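# A structural model of the following input is requested.
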Amino acid sequence: MVQVVITLKIMPSSPQTELAKIEREAKAKIADFSQNDEMRSEHEPIAFGLKALKITFAMDENKGSTDSLEEAIKGIKGVNSVETIDVRRAIG
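Numbering: from 1, shown residues only. Okay, the predicted model is just below:
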């Protein structure tokens, strides 16, 4: 079983959007999709008070594409876009 490490970049619809709420809901969807509760998140300043949410997690490579996960996260209220910005094979 080969693991891949994936980073998603989630953009809120406005600077006033509550990132903590989006983060909780997105992490729940990711945990359900990847069958893994371990993940790391960070807030990345973009411009004019807008911050992106980056979440990094590992999953089994055999799961395939993250398209369905991205669509599920886009359905969270306050999310403007979701993009997979990094995919790497885990070593070890």
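# look up how far N80 lies from M59.
24 Å (Cβ to Cβ, to the nearest Å). (Glycine included, C-beta is placed from N, CA and C.)
# A strand includes I76, no?
No. Assigned with DSSP: H, G, I helix; E, B strand; the rest coil, I76 falls outside any strand and is coil.
# next up, the contacts around E44.
9, 51-54 (Cβ atoms under 8 Å, 6 or more residues apart in numbering).
# wait, what's in contact with S13?
78-80.
# got a winner among these for most neighbours?
Counting neighbours by other Cβ atoms under 10 Å, the top entry in the contacts of S13 is V79, with 18 neighbours.
# I'd say that residue and M11 touch.
Yes. Using Cβ atoms under 8 Å, V79 is in contact with M11, at 7.3 Å.
# buried ones in stretch 68-78?
Buried residues in stretch 68-78, counted by 16 or more other Cβ atoms under 10 Å: 69-70, 72-73, 76.
# what bridges to H43?
With DSSP bridges as the criterion, H43 is bridged to L53.
# what's the burial count for it?
H43 has 12 nearby residues by other Cβ under 10 Å.
# give me the pLDDT for it.
pLDDT for H43: 96.
# show me where this protein has strands.
3-12, 39-47, 50-60, 79-89 (DSSP state E).
# now these as JSON lines including distance to I30?
Output for the strands of the chain, formatted as JSON lines (distance: least, Cβ to Cβ, whole Å):
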{"stretch": "strand 3-12", "distance to I30": "8"}
{"stretch": "strand 39-47", "distance to I30": "6"}
{"stretch": "strand 50-60", "distance to I30": "5"}
{"stretch": "strand 79-89", "distance to I30": "11"}
